[in-house]
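S.K.: pasting a predicted model and its sequence here:
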Amino acid sequence: MECLIFRSCNNMSEEERVLNMTLVNGRNFDTQKMPWFFLVLEVTLNVVVILGDISLLFLYFTRKLLGQATNILVFSVAVGDLMTAVVTMPLDIAQKFVYDLSPYLCKSYYYFSNVGKTAIAFSILFLATERILASLDHRLRPLSAGRCLFFTSLIWFFAASYNIWSVVLYHTQYYVFQEEPLTHVALCFISLQFMHVFKVFVVLDFLVMFLLPSLGTLSLFILFVSKKTTSYQPGRPYRPSISVIVFTFALYVCFVVSHFPLEVTMFLIDYESALFLINDASAFRLFQLFSFSRGFWDLFIFGAFRHYICRKEKVLAHMRDQRAAVQSRGKLSLDVPVQPYSTSLLDSDQEISQRISSGDSRR
């Protein structure tokens, strides 16, 4: 049984495979094409994201922070990053060491990868919707905590159901690595009988999982920039929490930058060849690894903004203590409203305007 090099040999019977094939894994067939540096980097990213997201989710449950819309959506983003670190990245690493890949490993890898990506993209879109619309009109709260919880569940249901095609199209494929003796490498790839259908899904995925949520989120930020002066018009008792809007924009930029190179590469690679899969230094594999780093940068963004919020809350607490001390000594007769400590993970509560925080009680 002869096969072209780097062409699928799945038309061979199971008996012919057993008699004629010697399977190798990625670690053995070419050390030059799988630098250990990329493996160490992927494992390191995996560990960091798992520990960081577990700490973040632990903070949610210990402080009971799921009562606010913003926190629920940030929680959804963290769950998506954790899914990538716990399921997708370990399955990707396993493909480099397992000799005869199970079809279920291949299907699970692509399915959970697409589910996490879809859920994060639309969670960021809804997060931008909730914060920006509320900032433009303080009377408008399109996503209360209850509605936000419903739409978040709907996002994950859509992500899980839409990406079911990954379970059908992906399979274990065998490619010739060496003619004498006949040696093959097992790879997770598209079943050849579904190749034309897969090319349709490449375009559809780009539109649904990347372009639609990205353009929707970008349009909301453009709307906010063009109309943000209305957020500070006289007579409003509160001004919007700009820090959370900036935080959302940082998450959006991280998502776009992490996935855009891979999305472009998906249109340029030759799906009839396995070269882009067996070479870890190929553009496809490099951009795929770069997309996995999204969870790391999300943690960095969250940590930076949480540090900023903690410092701001300490300053506000110090100001409240000083005012309370002055009132207790009877030196100030005005009844200055005392703002409670924020129960928001990211200061999603609206900040006190300068008029009220300065002690001016005029309406």
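M.R.: Everything's here; your move.
S.K.: now stretch 312-329: mean pLDDT?
M.R.: Here stretch 312-329 scores 77 as its mean pLDDT.
S.K.: so where do the strands sit in the stretch 151-300 of the chain?
M.R.: Along the stretch 151-300 of the chain, counting by DSSP state E, counting those that start in this stretch, strands occupy 170-178, 183-190, 238-239.
S.K.: avg pLDDT for the last one?
M.R.: Going back to what we said before, that points to strand 238-239. Averaged over strand 238-239, pLDDT sits at 46.
S.K.: just the first one next, same as before
M.R.: Per-residue confidence for strand 170-178 averages out to 74 on the pLDDT scale.
S.K.: one more: the second one?
M.R.: With pLDDT averaged residue by residue, strand 183-190 scores 75.
S.K.: can I get stretch 105-118 in PDB, CA atoms only?
M.R.: Listed in PDB are the C-alpha atoms of stretch 105-118, where the atom choice follows Å, rounded to 0.1, in the frame of the first residue of the first chain:
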ATOM      1  CA  LEU A 105      -8.900  13.300  22.000                       C
ATOM      2  CA  CYS A 106      -8.900  15.100  18.600                       C
ATOM      3  CA  LYS A 107     -12.600  15.900  18.800                       C
ATOM      4  CA  SER A 108     -12.400  17.100  22.400                       C
ATOM      5  CA  TYR A 109      -9.400  19.300  21.700                       C
ATOM      6  CA  TYR A 110     -11.000  21.300  18.800                       C
ATOM      7  CA  TYR A 111     -14.500  21.300  20.400                       C
ATOM      8  CA  PHE A 112     -13.400  22.800  23.800                       C
ATOM      9  CA  SER A 113     -11.000  25.200  22.100                       C
ATOM     10  CA  ASN A 114     -13.900  26.600  19.900                       C
ATOM     11  CA  VAL A 115     -16.400  26.700  22.800                       C
ATOM     12  CA  GLY A 116     -14.000  28.700  25.100                       C
ATOM     13  CA  LYS A 117     -13.200  31.100  22.300                       C
ATOM     14  CA  THR A 118     -16.900  31.700  21.400                       C
END
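S.K.: mind listing residues that contact that stretch?
M.R.: Outside stretch 105-118, the residues within contact range by C-beta atoms under 8 Å, 6 or more residues apart in numbering are 80-81, 83-84, 87-88, 91-92, 94-95, 98, 155-156, 158-160, 162-164, 166-167, 170-172, 188-189, 205, 208-209, 259, 291. Just so you know, the C-beta spots here come from the backbone N, C-alpha and C atoms, and that holds for glycine as well.
S.K.: any buried residues in it, and which?
M.R.: Neighbour counts using 16 or more other C-beta atoms under 10 Å place 106-118 of stretch 105-118 among the buried residues.
S.K.: closest one to Ala317 out of the residues you listed, please.
M.R.: Ranking the buried residues of stretch 105-118 by separation from Ala317, with C-beta to C-beta as the measure, puts Gly116 on top at 37.4 Å.
S.K.: and that closest one, how far from Val244?
M.R.: 23 Å (C-beta to C-beta, to the nearest Å).
S.K.: taking the buried residues of stretch 105-118 one by one, which sit in helices?
M.R.: Among the buried residues of stretch 105-118, the subset assigned to helices under DSSP state H consists of 106-118.
S.K.: now the helices for the stretch 101-250 of the chain?
M.R.: Assigned helices in the stretch 101-250 of the chain, in chain order: 103-136, 145-162, 165-169, 195-205, 212-227, 242-268 (criterion: DSSP state H, counting those that start in this stretch).
S.K.: which helices and strands sit right next to the last one?
M.R.: Yep, that's helix 242-268 we're talking about. When contacts are defined as 3 or more C-beta pairs under 8 Å, 6 or more residues apart in numbering; DSSP states H and E, helix 242-268 sits against helix 103-136, helix 212-227, helix 283-292, helix 294-328.
S.K.: just name the most buried of those helices.
M.R.: Mean neighbour count, computed with mean count of other C-beta atoms under 10 Å, is highest for helix 103-136 among the helices and strands packed on helix 242-268, reaching a mean of 23.
S.K.: okay, the angle between it and helix 283-292?
M.R.: Using axes from the mean of the first three to the mean of the last three C-alpha atoms, to 10 degrees, the direction of helix 103-136 lies 50 degrees away from that of helix 283-292.
S.K.: next one: helix 103-136 to chain centre, how far?
M.R.: Taking C-alpha atoms, centre = their mean, to the nearest Å, the mean C-alpha location of helix 103-136 is offset from the chain mean by 6 Å.
S.K.: what about the closest residue in space to Val246 that isn't next to it in sequence, distance to Val87?
M.R.: In space, and not counting its chain neighbours, Val246 is closest to Phe305: 7.6 Å by C-beta to C-beta, 6 or more residues apart in numbering. Look at Phe305 and Val87: by C-beta to C-beta, they are 27 Å apart.
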